[in-house]
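Trainee: Sequence first, then the predicted structure:
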Amino acid sequence: MHPAAETWQDELRKLDRWFEAVAARHPGVIPCQRGCSDCCHGPFDVSAADTLLLKEGLATLPEPTREAVRTRGKALLARMGKLEPEWAAPWDLRDIKTDRFDEITEVLSEEPCPLLDENGGCTVYEYRPLICRIMGLPMMTAEGLVLENACPIQDEFPSYAALDPQLFDLEALELEEAACLEAAAIVLFGSPSELGFETTIAAIAAG
């Protein structure tokens, strides 16, 4: 694995360990686990660091699995292309207005992530991006910022839905992320100036 991707994966694993610790403190309350895919629908915006890590993950897949992911990615990317015909490779979301991407996301909100297999499992779970790891718990940062639980099925689990925000040092992660974004931009584009690049999982899967 490229060192820049490995560094970002190590940072993301801090989120995993935080999640596991919260789950241990609240046994039987949190339904989120590997294999649950209720939040894995619709286009997602992912960073340059996530892009690099996902590319590494896709490269580990057996070719039949990789081809299936590629086919699903191309299909979803084609649907996005019909909604935004001028959008083209390298599929940089900075080329689409935020409000327009929100509209596209709403239209395609039921579309499963191309990384999901036929059983709804993530084919590159250990390489999944930041957004996939931050969805299932309410978070409070060290500065007091609250990120609400975004799980789409939380209403089915009252104790889970009522769980108080859990403290996590998101600011520290974001500081590390800044360096990872710059390193990933150099690997992907040869220039740190592209650290603001964002794309979708479909575009990465289709590559």
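Mentor: Alright, I've got the coordinates.
Trainee: Which helix or strand contains residue 70?
Mentor: helix 63-83 (DSSP states H and E).
Trainee: So what's the residue count around residue 205?
Mentor: 26 (other CB atoms under 10 Å). Where C-beta positions appear, they are placed from N, C-alpha and C, glycine not excepted.
Trainee: so what's it up against?
Mentor: Going by CB atoms under 8 Å, 6 or more residues apart in numbering, residue 205 touches 54, 58, 69-70, 72-74, 76, 114-115.
Trainee: burial of residue 106, as a residue count?
Mentor: 10.
Trainee: three-state assignment of it?
Mentor: The three-state label given to residue 106 by DSSP: H, G, I helix; E, B strand; the rest coil is helix.
Trainee: how close does it get to residue 146?
Mentor: Per CB to CB, to the nearest Å, residue 106 is found 24 Å from residue 146.
Trainee: now the strands for this structure?
Mentor: 45-47, 139-140, 146-147, 166-167, 198-200 (DSSP state E).
Trainee: show me the contacts for residue 74.
Mentor: Contacts of residue 74 (CB under 8 Å, 6+ apart): 205-206.
Trainee: ok, now the one 10 residues further on?
Mentor: Residue 84 is in contact with 96, 100, 104, counting by CB under 8 Å, 6+ apart.
Trainee: ok, now residue 79?
Mentor: Residues counted as contacts of residue 79 (CB under 8 Å, 6+ apart) are 108, 111.
Trainee: Mean neighbour count, the strands of the chain: which tops it?
Mentor: Burial of the strands of the chain is given as mean neighbour count (mean count of other CB atoms under 10 Å); strand 198-200 ranks first at a mean of 23.
Trainee: Brilliant, that's me finished.
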